[in-house]
Structures are given as C-alpha cells and as structure tokens.
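Student: Whatever this is, show me its structure:
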Amino acid sequence: MKTAAALLGLSLALSTAAAAQTLPDLGGKEIVVVTENAYPPLQFLDASGAAIGWEYDAMAEMAKRMNFTVRYENISWEAMIPAVSEGQFDLGMTGITIRDDRKEKVDFSDSYMTSEMVMMVRGDEARFSDKASFAANAELLMAAQPGTTPFYVGVYEVLDGDEANPRIKLFETFGATVEALRAGDVDLVLTDGTAGAGYVEASNGGLKIVGEKLGTEDFGFIFPKGSDLVGPMNAGIAALRADGTIEALNKKWFLDYKMGQ
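Tutor: Numbers count the residues shown, from 1 in each chain. Down below sits the predicted model:
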C-alpha cells in the first residue's frame, strides 16, 4: 500500500506532467521582447555588460518549453508602454506593475511576482527614517520616472497628492534616479523591493532601505491589446510556478546571486 507521501509525490508529478503537456507549441515563432535592463535582479547588465536576470531566465525557460525564439530590444521606461501599445514590440518586461489604468493601453499577463514598495536612500542618511519624516522636511527631494508606480506612490502616499509638487524631480530612466540619489541631487527613490535589494546589495553601503513597506504590487508582462501571446504566456507562467521553477529562480536571484560578481 502506498504511503500518503508517495501518493502526494505521484499526484504532484502527474500534475506537473499534465501542465507540461498542455503548453502550446508556438512553432519557432520569433517574439520581440523589449526591456530596460535597469531593475536588478529582474533584468540588468552584469560587470561584463551581459544582459541577465530573473526575467531573462524565465523567458528562456518558456521559450524552450513552448518552442519560440526571443529577440531583445531596449527602450526607456517612459517609452515602453506606448511602444508596446502601438505594436512596435510583441512583449514588454521590466518589473511592470499590473494596474487598471495601464490595462486601457496594453494587455497584461497573469502576475509572475509580487513585490513591496520600499524607500531607498543614501547609506549615511539620518535626516528622515520613514515617509512621515520625509514629508515633514520641505527641503528633501524625491526622484521618480513620470507615470511609474513609484511616482504615484510618492505623490499620493508620501507627499500631498499634487502631481506637480516641485519636491519630485523627474528622470527618464530608473538608473538616472539612483545616480541622482548617489550624487546628493535628491534624497529619496521609491522602488519595488526586488530592485531596491539589488541596488543596495551592489552599493557597498552607499545605499540602504528605510521606513515601512508602502504596499504591494504584482508584476506582469505587457502586450499590444488583443495579442494572441497572452494565453500562451499565462500558460507558461502557470507551468513554471507548478513545477517549482519560479521558486528556484527566486532562490537563484534573490538569495544566491551577489551583485557585482
């Protein structure tokens, strides 16, 4: 008679096999994926200039399982959603928060990751330690990319709800906001916890996270409206989650990988 553990193992194996069997075959189709390469450890350039990260690994695994090829292009965050919406690219990936206002322009995949918004500051910052003490000091400045989740969280959860507040300095790329923070031109950058952890890890004490978490956000891939890739990508995400691949990628990139190696 089989033990309960053996039966559970058999059930999981059959479930994983069934998921694998139901994945669509895309017949070698080329999918043009656009990214920003600015959110470690999701996607970024390593010390040698190679593009690597969680999203690259996940996309490669889905390409292998569903028989498609990937051609990568790069673009700034501000241009990404309009470009994908216009059909310039098949898919966008750069830790994009799933939001209803964005769904008016692009289609989203199911969520492949949930992250928390954090406050990133210089390593020697002592003037404030949370959103209330930041907001109370009118001399302190925040950097953000226009139209991003950090921009809106900064406006409505940290400051006064005025999208034209001069305390928010706008930059085209996330990397530029971090450089402005390092240089002392601004005092705060809001980012998802995954990117924040990557930048802090690589900073050798130059950056740190302070204060409470500012809510959670779900990440998804984006597509032109009506794209026939949404269903296959959702199936791929589900398969990676079902067989433990997503858990393994989380361990690889959030626990084992050391920035700058």
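
Student: doesn't residue 42 make contact with residue 254?
Tutor: No: contact criterion C-beta atoms under 8 Å: residue 254 and residue 42 do not qualify, at 10.1 Å. The C-beta positions use only the backbone N, C-alpha and C, and glycine is treated the same way.

Student: contacting residues for residue 178?
Tutor: 120, 189, 199, 207 (C-beta atoms under 8 Å, 6 or more residues apart in numbering).

Student: wait, residue 93
Tutor: 33-35, 42-43, 55, 59, 221-222.

Student: do the same with residue 253
Tutor: Each residue near residue 253 by C-beta under 8 Å, 6+ apart is listed here: 41-42, 53-54, 57.

Student: Check which helix or strand the most centrally placed residue in the chain maps to.
Tutor: Most central in the chain under C-alpha atoms, centre = their mean is residue 95, positioned 1.8 Å from the mean C-alpha point. Residue 95 is part of strand 91-97 when elements are defined by DSSP states H and E.

Student: Might you list the low-confidence residue ranges for the stretch 101-250 of the chain?
Tutor: Within the stretch 101-250 of the chain, no range satisfies pLDDT under 70.

Student: ok, back up a step: any residues in contact with both of residue 254 and residue 42?
Tutor: Here residue 254 and residue 42 share the contacting residues residue 194, scored by C-beta under 8 Å, 6+ apart.

Student: more crowded one of these two?
Tutor: Shown here are residue 254 and residue 42; by other C-beta atoms under 10 Å, residue 42 has more neighbours (28 against 15).

Student: any idea how far the more buried one lies from residue 56?
Tutor: Per C-beta to C-beta, to the nearest Å, residue 42 is found 9 Å from residue 56.

Student: can you pull out the helices in the stretch 1-150 of the chain?
Tutor: Applying DSSP state H, counting those that start in this stretch to the stretch 1-150 of the chain gives helices spanning 4-22, 54-66, 77-85, 100-103, 131-136, 149-153.
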